[in-house]
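Asks: any chance you could fold what I've pasted below:
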Amino acid sequence: MDSLAQTARPATVAHSQRRRGVGWSAIASGVALVIVSEAPYFPSSFGLVLLGATVVLFLGMIPIAMWIHSSVVARETGTGAALARAAEIIGIVGMAISAIVAILVLPRWIPTVQGQILTTSALGVIGLWLLVANILALRLRLFNRVLAALGALAGLGLLLSAVVMWVELGAGNLGGAVSTLEIIRMLGVYLGEALYIIWALWLGIWLLVRKR
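Replies: This next block holds a predicted model:
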């Protein structure tokens with residue numbers, strides 16, 4: 001019995017440390033988005049600071065994606081686990097692309113407009129991950145229902161902005177509908193970003209104060 005307790009204790013400590021690491025990653029990602037969203041108010045000399053915040057924003061999402069996937073797999077097998085794995089892969093790809101594009105745009109290795117298209121597309125992929133991951137979290141009660149709903153809505157907003165952008169790019173001349181679509185796209189971006197900040201900070205704090 002003593003040997004079992006001694007074996008279980010390091011595993012519990014490791015699990016707690018990993019959870020706290022994910023919590024700090026979520027908080028860092030949320031704070032980074034607050035900084036990035038204020039980019040128009042920063043002087044051009046702060047370019048490296050904003051780049052660092054952008055990289056932290058997206059790379060900070062990766063531990064969250066991995067934690068949600070492992071938590072789902074621990075509770076469910078079959079379709080739910082497969083869906084969680086697919087969402088994790090899709091999300092991490094979107095996060096990596098977003099970080100890489102941000103790095104390449106600063107020295108203008110990628111044209112600004114092309115970079116914006118790539119970033120919005122990658123954000124749509126991240127939005128799909130947020131939507132699926134939080135729906136699974138809501139169904140399995142991984143965390144607070146309101147928190148899961150906020151995450152799903154954040155994902156929906158980001159996904160909507162990407163879909164609208166591609167409609168605008170693919171449909172050509174839309175006449176008066178362009179202004180309406182642009183309003184919808186911007187609302188999706190603002191909604192997604194605002195709700196993601198709340199979701200990431202709340203999730204991070206919850207993971208840090210959670211007892212088990």
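Asks: what stretches of this structure score poorly on pLDDT?
Replies: 1-13, 172-176, 211-212 (pLDDT under 70).
Asks: in it, which spans are strands?
Replies: Counting by DSSP state E, the chain forms no strands at all.
Asks: R19 and R210 touch, don't they?
Replies: Yes: at 6.7 Å, R19 and R210 qualify as touching, with contact defined as Cβ atoms under 8 Å. Where you see a C-beta, it was placed from the backbone N, CA and C, and this is true even at glycine.
Asks: give me the more crowded residue out of the two.
Replies: Each of R19 and R210 has its neighbours counted (other Cβ atoms under 10 Å); R19 has more, 17 against 12.
Asks: now that one: how far from V73?
Replies: Using Cβ to Cβ, to the nearest Å, we find R19 at a distance of 16 Å from V73.
Asks: okay, now the closest residue to M165 other than its chain neighbours: neighbour count?
Replies: Ranked by Cβ to Cβ, 6 or more residues apart in numbering and with sequence neighbours excluded, the top spatial neighbour of M165 is T120, at 5.1 Å. The number of residues packed near T120 is 21, by other Cβ under 10 Å.
Asks: T120 contacts A162, correct?
Replies: Yes: if you go by Cβ under 8 Å, T120 and A162 touch, sitting 5.4 Å apart.
Asks: got phi/psi on G78?
Replies: Main-chain dihedrals, G78, degrees, to the nearest 10: phi 80, psi -130.
Asks: L106 too?
Replies: Main-chain dihedrals, L106, degrees, to the nearest 10: phi -60, psi -50.
Asks: ok, now which ones touch it?
Replies: Contact partners of L106, counting by Cβ atoms under 8 Å, 6 or more residues apart in numbering, are G47, L48, L51.
Asks: buried ones among these?
Replies: Among the contacts of L106, those buried by neighbour count (16 or more other Cβ atoms under 10 Å) are L51.
Asks: residues touching the spatially closest residue to L207 that is not a sequence neighbour, list them.
Replies: Distances taken as Cβ to Cβ, 6+ apart put G23 closest to L207, at 3.3 Å, once the chain neighbours are dropped. Applying Cβ under 8 Å, 6+ apart to G23 gives the contacts L203, G204, I205, W206, L207, L208.
Asks: try it again with 6 Å
Replies: When contacts are counted by Cβ atoms under 6 Å, 6 or more residues apart in numbering, G23 is found next to G204, L207, L208.
Asks: let me know the closest of these to R145.
Replies: Of all the contacts of G23, L207 has the smallest distance to R145: 16.4 Å, by Cβ to Cβ.
Asks: ok, the closest one - how many residues close by?
Replies: If you count neighbours by other Cβ under 10 Å, L207 ends up with 21.
Asks: next one: I198
Replies: Counted by other Cβ under 10 Å, the residues lying close to I198 total 15.
Asks: just give the closest residue to A149, not the sequence neighbours.
Replies: L138 (6.7 Å).
Asks: pretty sure that neighbour sits against A148.
Replies: Yes: in this structure, L138 is within contact of A148 by Cβ atoms under 6 Å, at 3.9 Å.
Asks: right, I'll call it a day here.
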